[in-house]
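**Student:** how would this look folded up:
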Amino acid sequence: MSTENTTQNFEASIEKIYQQYRHRQLANQLDEIAETIEETILQQILAEEFLETELEIDSEAKKAVSEAQELLKNGDFETLGERIADVEAKVEDQKRQISNEIHEVRISMRSRVKGIMRLNERVERVSKVKLEAIRELLSDWDWKGQVYREEEYDFETLKERAAEYGEDMRRYFEECREQIFGPYEGTPMEPIVDRLLSDDRLSLDELSDEQIVQLRESDLVDHVELTLS
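**Tutor:** This is a model prediction of the structure:
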């Protein structure tokens with residue numbers, strides 16, 4: 001075998017190894033992109049049930065991932081390599097938008113839950129275990145352990161779990177809210193309790209005579225700090 005043929009064979013071997021490496025790299029990159037869009041969809045579902053949001057993930061991002069997966073399946077690595085950066089950018093943009101919107105709602109709801117916890121320290125009507133579970137989810141947004149519970153699962157099962165977990169946590173929140181707030185709804189005490197949940201100070205001159213009377217007769221009388229103005 002001539003030196004020239006040996007060189008050509010060596011170069012072909014190196015090129016083959018490089019292409020195999022490149023193909024694995026593209027496949028791994030696409031796996032990470034698919035995982036990102038999957039988790040974004042699961043967060044969207046959870047937030048819809050728990051936070052009562054109305055979030056939408058761009059259909060073009062989902063379509064781009066599906067088309068990229070089809071390219072991988074068909075072995076069209078050249079086209080996949082040309083498109084994958086754009087697919088990744090679309091998915092990351094959706095992840096950022098959904099995460100930001102969820103974060104804003106979480107902050108608002110967490111403030112409300114902290115108000116319920118403060119008021120509950122005074123009247124002790126609500127399960128502290130449920131309140132703490134709600135607060136932890138709103139603070140840490142650590143939802144994966146409740147959804148990815150087994151090694152073997154399909155995406156439809158994951159979506160069902162995300163929805164169920166969101167429904168459960170929303171039910172806990174509504175139960176706690178009703179237990180702490182329900183007795184005062186429709187009464188002159190309602191705006192007072194609402195202010196307490198927001199940790200606002202109450203001014204004596206803001207209250208009507210009827211509110212003052214009901215406050216004195218309620219189980220909150222020893223726990224409300226009034227200012228003169």
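
**Student:** any idea how far the residue most central in space within the chain is from Ile116?
**Tutor:** When the chain is reduced to its mean C-alpha position, the nearest residue by Cα atoms, centre = their mean turns out to be Gln43, at 4.5 Å. According to Cβ to Cβ, to the nearest Å, Gln43 stands 24 Å off from Ile116. All C-beta spots, glycine's among them, are computed from the backbone N, C-alpha and C.

**Student:** returning to that earlier point: which residues touch the residue nearest to the centre of the chain?
**Tutor:** 98-99, 102, 143, 162 (Cβ atoms under 8 Å, 6 or more residues apart in numbering).

**Student:** Mind doing that once more with 6 Å?
**Tutor:** If you count contacts by Cβ atoms under 6 Å, 6 or more residues apart in numbering, Gln43 has none.

**Student:** What separation is there between it and Tyr165?
**Tutor:** Distance, Gln43 to Tyr165, using Cβ to Cβ: 11 Å.

**Student:** Repeat that for Thr36.
**Tutor:** Relative to Tyr165, and taking Cβ to Cβ, Thr36 is found at 20 Å.

**Student:** So those two - more neighbours on which side?
**Tutor:** Ranked by neighbour count (other Cβ atoms under 10 Å), Thr36 and Tyr165 place Tyr165 first, with 20 against 17.

**Student:** And the next helix or strand past the host helix or strand of the more buried one?
**Tutor:** Per DSSP states H and E, Tyr165 falls inside helix 155-181. The helix or strand immediately downstream of helix 155-181 is helix 190-197, counting by DSSP H and E.

**Student:** you'd agree Phe173 is up against Arg135?
**Tutor:** No: at 10.2 Å, Phe173 does not count as touching Arg135 under the criterion of Cβ atoms under 6 Å.

**Student:** quick one, which of these two is more surrounded?
**Tutor:** A count of neighbours by other Cβ under 10 Å puts Phe173 above the other of Phe173 and Arg135, at 23 against 16.
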